[in-house]
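**Q** I'd like to go over a predicted model; first the sequence, then the structure.
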Amino acid sequence: MVSDSNTFGCRRNWIAICLLLGLIFAAYGNTPDASWHLDDYASVTNDPRLHLKDLTVDSLWQATLSFIRTPRDARPLSRLTFAVNWYFGRDNPSGYHLVNISIHALTAVFLFLTIVDLLKSAHITGTLNNYKYRIAVLSALLWSLNPIQTQAVTYIVQRMTALAAMFYILGIFLYIKARTSGILLKRAFLLLGCIFCFIFAVSSKENAATLPLALVLVEFMFFRDLSRTRTRNCFFGTLIAVGLALCGLGAWIFFKGDLTGLLDYNFRYFSPLERLLTEPRVVLQYLSQIFYPVPTRLSIEHDIVVSRTLFDPWTTLPAIILVLFFIGFALLNVKKRPLLSFAILFFFLTHLIESSIIGLELVFEHRNYLPSLFIFAPVAAGIIRLLDSYREKNKVVCRAVIACVILIIAGFGTGTYIRNLAWKTEKSLWEDAVTKAPNSGRAWHNLALSHYVPTGQFEKAMVLFRKALTLEKNNTHQESIIYSNMAAVFYYRRNYQEAARYWTRALNRQRNNPEVEYLLCLALTKMGNYEAACKHLDRLSGEHPAKTKVLNLRGVLAVFQGNYREALSYFGICLKLDRQTAAALVNAGAACSLGGHFQKGDWFFKTYLAQHANDRLALLWLANNAMMQGDLLRSESYLNRLLRIRPVKDLISWVGSLENQILYKDTLIIPEVDSRIRARIEKMRNSGISAQNPQH
């Protein structure tokens with residue numbers, strides 16, 4: 001028989017692992033149907049740096065490490081997995097979900113193995129040691145099937161959280177193996193693996209930086225004899241030193257200023273002190289959700305009242321006292337109840353980064369994914385002890401307890417499946433959010449933006465936008481964002497005057513926002529207010545991160561004003577900055593054609609078509625250019641090519657949106673071309689022809 005010390009040769013381990021994997025994949029069986037949400041777009045689908053075309057070393061480097069500009073960019077391992085996902089499945093979310101579920105399952109497996117090895121410790125005796133496998137598998141099941149974990153698993157971008165937790169628990173597992181190994185070389189390799197796990201975890205998400213402190217807890221509470229006064233003094237001395245160092249760092253940052261950017265409160269409605277006062281209430285809410293995780297209590301958004309003082313709201317001081325009580329209780333019982341004390345201290349330790357004074361939002365459920373890893377270990381130990389005590393005394397009670405445990409596990413799994421239904425679409429997620437957090441302006445705003453705007457229900461969207469303006473905001477920029485999105489609706493509906501008015505409001509709410517100011521320029525341009533647009537663009541030329549956009553629009557304004565040479569100079573600068581600038585190529589061609597240089601205009605259009613085959617707008621301009629030269633046959637040829645590109649219904653939609661093309665006006669595209677293309681599409685629609693691109 002294989003010894004228990006052989007982790008992957010133990011039959012009981014494999015039975016437990018198979019049980020875990022089977023139940024996890026069953027509970028998350030409906031997850032692959034869930035859509036993209038929130039930060040998924042900015043972090044994956046709209047980030048061209050991750051859109052790999054090959055798996056070369058250079059491509060992988062570009063995707064992960066070459067553009068570290070924001071904290072999220074500084075998570076290279078997570079970015080690498082997204083990039084590889086994109087290479088194999090592009091924007092199909094199913095593949096991303098399968099990877100996320102697999103990471104979650106692996107984390108549960110290593111959690112099970114880690115708890116088994118912790119309970120083999122010489123300081124764990126009696127029932128806990130005898131029933132270590134049952135305790136470990138029950139603990140891992142309660143953690144992995146808990147519905148609160150859905151936000152870390154089903155929300156695709158939170159792979160960052162899940163991946164960090166997987167390497168975190170693997171690091172602890174390898175440390176324990178190294179600690180119990182009697183072979184020096186093996187111990188060295190295991191410790192090296194632990195170091196790599198720490199690097200990989202932090203490269204996935206920064207909250208894994210607490211791993212060394214967690215290993216200190218493991219060392220003292222499971223491998224040192226805390227009954228010895230010297231060991232106990234060393235343990236408490238270490239905790240005090242760490243605590244003082246953290247307090248000193250916090251005080252230094254608070255009084256001297258943040259040099260890391262982690263305490264950016266410029267756009268928050270609360271201060272670092274107010275966040276620090278609020279988080280004990282938030283953490284206690286997390287605990288209640290972990291132990292009572294019914295789907296009706298879980299949401300992407302929560303209404304949280306900020307604690308302004310110790311007594312406002314009145315629950316602030318009791319929450320702080322209760323948190324301190326839990327920590328004090330754990331410290332006083334490190335010798336007597338090491339598993340319980342470890343679970344409590346680990347929970348608060350791993351909440352230290354995201355639930356302290358760092359300038360993050362107040363509450364998100366995925367922040368419990370790592371802290372809750374060991375939270376069910378003492379619960380499982382208590383249940384097993386209860387079963388052990390009643391096994392011989394009262395078999396009825398014993399069976400009742402077993403039935404309750406089975407029902408709880410089934411309830412957790414079912415709750416996870418039900419909770420994942422809310423993640424299926426943008427509409428379902430945000431309708432769920434507005435029901436559970438009706439005072440959250442972001443919930444109403446995101447429901448309008450993610451569902452009603454894309455589906456063309458603009459009146460409904462505007463009602464929700466206006467409602468969002470009257471409710472609580474998550475940050476000082478949110479009002480500006482709402483006004484900007486309202487302006488975008490007006491712009492799409494060609495009400496450029498209202499669009500300009502709302503973008504002006506957005507700019508007044510958030511000064512020095514180059515993107516909003518650029519959008520305002522678009523509306524002013526469509527209104528014909530070229531002078532005002534030029535003033536904004538001149539100011540933006542040195543500020544806007546996408547300088548080519550500003551220069552391109554400046555060139556468009558010159559076209560509208562008949563200054564074709566000036567326009568070409570702007571488009572030329574754009575092309576020098578980026579030879580692939582699509583808009584500049586087409587617009588340069590338009591400027592040449594309108595200036596009477598038809599052959600040069602054709603060259604720009606054809607150059608663009610060589611890079612973007614069968615682009616409709618370029619073909620339309622070529623047809624227009626040919627018509628202006630009196631070449632009806634060539635104009636018809638380009639129109640025929642344009643009409644063969646897409647199904648008729650897509651062309652109708654495209655023609656309808658032409659008015660919003662910044663360089664499309666009746667004065668530029670001659671009426672004959674415009675009327676011909678609309679007439680031809682109408683004829684094709686009436687005859688039932690569905691033009692398709694022959695390459696498809």
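**A** Thanks, I have the structure now.
**Q** so how far is Phe346 from the residue nearest to Ser94 when sequence neighbours are not counted?
**A** Leaving out its chain neighbours, the residue that sits closest to Ser94 by CB to CB, 6 or more residues apart in numbering is Pro32, at 4.2 Å. C-beta coordinates here come from the backbone N, C-alpha and C atoms, glycine included. Going from Pro32 to Phe346 by CB to CB, to the nearest Å gives 32 Å.
**Q** more neighbours: those two, which one.
**A** Phe346 (25 against 17; other CB atoms under 10 Å).
**Q** list the residues that contact that one.
**A** Neighbouring residues of Phe346 by CB atoms under 8 Å, 6 or more residues apart in numbering: Ala214, Leu217, Pro371, Leu373, Phe374.
**Q** for Asp432, same thing?
**A** Applying CB under 8 Å, 6+ apart to Asp432 gives the contacts Ser299, Ile300, Ala422.
**Q** related to what we said a few turns ago, just the pLDDT for the residue nearest to Ser94.
**A** Pro32 carries a pLDDT value of 93.
**Q** how near is it to Tyr417?
**A** Distance from Pro32 to Tyr417, by CB to CB: 13 Å.
**Q** follow-up on the earlier one: and the contacts of Asp432, which is closest to Ala583?
**A** For these, the residue nearest Ala583 by CB to CB is Ile300; the value is 35.7 Å.
**Q** make sure the closest one is indeed in a strand.
**A** No: counting by DSSP: H, G, I helix; E, B strand; the rest coil, Ile300 falls outside a strand, being coil.
**Q** distance check, it against Arg228.
**A** According to CB to CB, Ile300 stands 49 Å off from Arg228.
**Q** test my guess that the residue nearest to Ser94 contacts Asn100.
**A** No: counting by CB atoms under 8 Å, Pro32 sits too far from Asn100 to count as a contact (9.8 Å).
**Q** neighbour count winner among Ile300 and Arg228?
**A** Between Ile300 and Arg228, counted using other CB under 10 Å, Ile300 has the larger neighbour count: 23 against 11.
**Q** mind listing what that one touches?
**A** His37, Leu38, Gln151, Tyr155, Leu429, Trp430, Asp432, Ala433, Ala443.
**Q** over to Leu447?
**A** With contacts defined as CB under 8 Å, 6+ apart, Leu447 is in contact with Glu426, Lys427, Trp430, Glu431, Ala433, Val434, Leu464.
**Q** what's the domain layout of this protein?
**A** Annotated domains of the chain cover 7-36+91-416, 613-696 [automatic domain parsing].
**Q** Leu471 is nearest to which of those?
**A** The nearest among the domains of the chain, by CB to CB, is domain 7-36+91-416 at 9.5 Å.
**Q** report the buried residues of stretch 51-66.
**A** His51, Leu52, Leu60, Ala63, Thr64 (16 or more other CB atoms under 10 Å).
**Q** what's the closest non-adjacent residue to Leu106?
**A** Counting by CB to CB, 6+ apart, Leu106 lies nearest to Met166, which is 5.6 Å off, once chain neighbours are set aside.
**Q** least confident secondary structure element in this protein?
**A** Ranked by mean pLDDT, DSSP states H and E, the weakest helix or strand in the chain is helix 648-656, scoring a mean of 58.
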